[in-house]
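A.B. asks: build me a structure from this.
(one chain, ligands or ions: 1)
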Amino acid sequence: MTYSVKEIYYTLQGEGAHTGRPAVFLRFAGCNLWSGREQHRAGAVCRFCDTDFVGTDGPGGGKYETAEELAAAAMTTWPADTNNSPYVVCTGGEPLLQLDEAAISALHDAGFEVGVESNGTIPAPEGIDWLCISPKGLATVVQRSGDELKLVYPQEEPEAQPECFEDLGFEHFFLQPLHDDDIEANTQASIQYCLAHPRWRLSLQTHKIIGVP
Ligand code: SF4
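C.D. replies: The predicted structure follows:
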């Protein structure tokens, strides 16, 4: 399988339970809920995306012919002076359009703990060490268990309300304020929801606050 990758870079995980953890971000190209083109946004299933996942032109991006080449490229961005707990976050776009058991195995063999951030519309393969599902709008969530459910809040659709997900099989439940022109109101609404429903915790996009990619 050829893997199409938008970019690979080393940073801090900004969101969710692993906030602040150094990680390699392996961003796969493409998503099944939006083309990534602005002219298609209004008609997309997911309309609030803030990520450029189109093409393979970012740093470390490209077409990787084998899982081993992909894993090796990811490991080149991990600091050479430490082999402590290499962590890779496979994201997108929708990483599960491409991330298969061979790629997970190759990342493990390279020394990585493997995290995945998915929209939940594709069943996850075996072997993922940390699975974060972030439901989007009307899209049906088929991956109904994992480590972390991270819901952008608020969303308009009745199917995307927090109470629709709180009985699913996740260890952690996060609300993350929708980052648009109403970010302050969305943050307040998220805070109030968490206070009223303590099963949920607040996740902030700390990478935007501290100014890292
Ligand atoms: S599902 Fe994720 S990557 Fe796809 S369009 Fe929505 S926010 Fe962007």
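
A.B. asks: which residues touch stretch 124-140?
C.D. replies: Here stretch 124-140 makes contact (C-beta atoms under 8 Å, 6 or more residues apart in numbering) with 16, 18, 33, 45-47, 96, 99-101, 104-105, 108, 113-121, 141, 143, 146-152, 155-157, 159-160, 164-165, 170. The way it works is simple: take the backbone N, C-alpha and C, and place the C-beta from them, glycine included.

A.B. asks: and that stretch, does that touch the ligand?
C.D. replies: Yes - using C-beta under 6 Å from any ligand atom, a contact is recorded between stretch 124-140 and the ligand, made by residue 136.

A.B. asks: so residue 114 sits against residue 105, correct?
C.D. replies: No - Residue 114 is beyond contact range of residue 105, at 9.4 Å (criterion: C-beta atoms under 8 Å).

A.B. asks: any of the contacts of stretch 124-140 buried? List them.
C.D. replies: The neighbour count (16 or more other C-beta atoms under 10 Å) marks 16, 18, 33, 45-46, 96, 99, 104-105, 113-121, 141, 143, 146-152, 155, 160, 165, 170 as buried among the contacts of stretch 124-140.

A.B. asks: which ones among those map onto strands?
C.D. replies: 113-118, 146-152, 170 (DSSP state E).

A.B. asks: tell me which of the residues you listed is nearest to residue 90?
C.D. replies: Proximity of those to residue 90, judged by C-beta to C-beta, is greatest for residue 116, which lies at 4.8 Å.

A.B. asks: middle-most residue in this protein, spatially?
C.D. replies: residue 117 (2.8 Å; C-alpha atoms, centre = their mean).
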